[in-house]
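Enquirer: missing the sequence, but the structure's below:
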């Protein structure tokens, strides 16, 4: 099982030290979320809580994921980085492709692009992007960005974007694409790519979705051997819990290890100590 340390809601200034500790301690990766702004009031309900309220307080840090990855990539040697999740549809495809590709070069191939289609209409509108048909537009953006990340000249003609003959450098190493979301549409989109990213759900809910993705990929003649399933789990904290998840096809866990020991108000030293204790308690060091 692979374990990714989440940077959600952390003080941005702690990220470099958390990354260095994760690299030294043998964690597989770092999971980095994405929002550009946090509006005081919203008409759009937050879809991942029962009451529609956001999980974070006002003035929580939301650092740019590509600036973050560019920084922590240079102080680590083996740690991988996944976005959980980045919203291409809120950006123009050329700026997004440039930022992602540059981060992938600096990370020397240790970048995994987790994407979603987004839920907050107001954030899309503030950034000048259309909220309607954002799923179709995201699909086309991924196609265009992959073309821009390929060596040589690129031309593109789609429903939303048309690109004359151009090139974009530096050309990054291969970038796997994982799709986040819990809906059937999100699972169908994930089945067409390299992996699926879940949200805060229990193991049974996660395994149900893994089974659905497995069916969807089988319909396309695709297997699960090279397909990644990364998710936080609300009911997993013992070795046998993670063993069950892995047996069901979950390949990676997104976690904040310090939450098991010191809680959300842990100091930086307590966070790093929690990361160390978590690996020891799960016998991940041998």
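Expert: Noted; the coordinates are in hand. Everything numeric in this text was worked out from a predicted model, so none of it was measured. Numbering: from 1, shown residues only.

Enquirer: When you work out contacts or count neighbours from here on, use the C-alpha atoms and nothing else.
Expert: OK.

Enquirer: What's the local residue count around residue 152?
Expert: Close neighbours of residue 152, defined as other Cα atoms under 10 Å, add up to 13.

Enquirer: Which residues are in contact with it?
Expert: residue 167 (Cα atoms under 8 Å, 6 or more residues apart in numbering).

Enquirer: pLDDT weak spots in the stretch 51-200 of the chain?
Expert: Across the stretch 51-200 of the chain, nothing is flagged by pLDDT under 70.

Enquirer: where do the helices sit along it?
Expert: Applying DSSP state H, counting those that start in this stretch to the stretch 51-200 of the chain gives helices spanning 65-73, 93-106, 121-126, 134-148, 184-191.

Enquirer: Output the ones you listed as CSV; include the columns distance to residue 16 and mean neighbour count.
Expert: Formatted as CSV, the helices of the stretch 51-200 of the chain follow (distance: least, Cα to Cα, whole Å; neighbours: other Cα atoms under 10 Å):
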stretch, distance to residue 16, mean neighbour count
helix 65-73, 6, 21
helix 93-106, 15, 20
helix 121-126, 28, 16
helix 134-148, 28, 19
helix 184-191, 30, 20
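
Enquirer: Figure out which of those is closest to residue 47.
Expert: helix 121-126 (12.1 Å; Cα to Cα).

Enquirer: Export the helices of the stretch 51-200 of the chain to a markdown table and append columns for distance to residue 207.
Expert: What follows is these, written out as a markdown table (distance: least, Cα to Cα, whole Å):
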| stretch | distance to residue 207 |
| --- | --- |
| helix 65-73 | 28 |
| helix 93-106 | 30 |
| helix 121-126 | 30 |
| helix 134-148 | 24 |
| helix 184-191 | 13 |
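
Enquirer: what residues are up against residue 149?
Expert: Residue 149 neighbours (Cα under 8 Å, 6+ apart): 97, 101, 168, 169, 171, 172.

Enquirer: Among these, which one sits closest to residue 6?
Expert: residue 101 (21.7 Å).

Enquirer: So what does the spatially closest residue to that closest one that is not a sequence neighbour look like in phi/psi?
Expert: Nearest residue to residue 101, sequence neighbours excluded (Cα to Cα, 6 or more residues apart in numbering): residue 172, at 5.2 Å. For residue 172, the backbone dihedrals (degrees, to the nearest 10) come out as phi -80, psi 160.

Enquirer: Report the contact partners of residue 172.
Expert: Residues in contact with residue 172 (Cα under 8 Å, 6+ apart) are 101, 102, 104, 105, 109, 149, 150.
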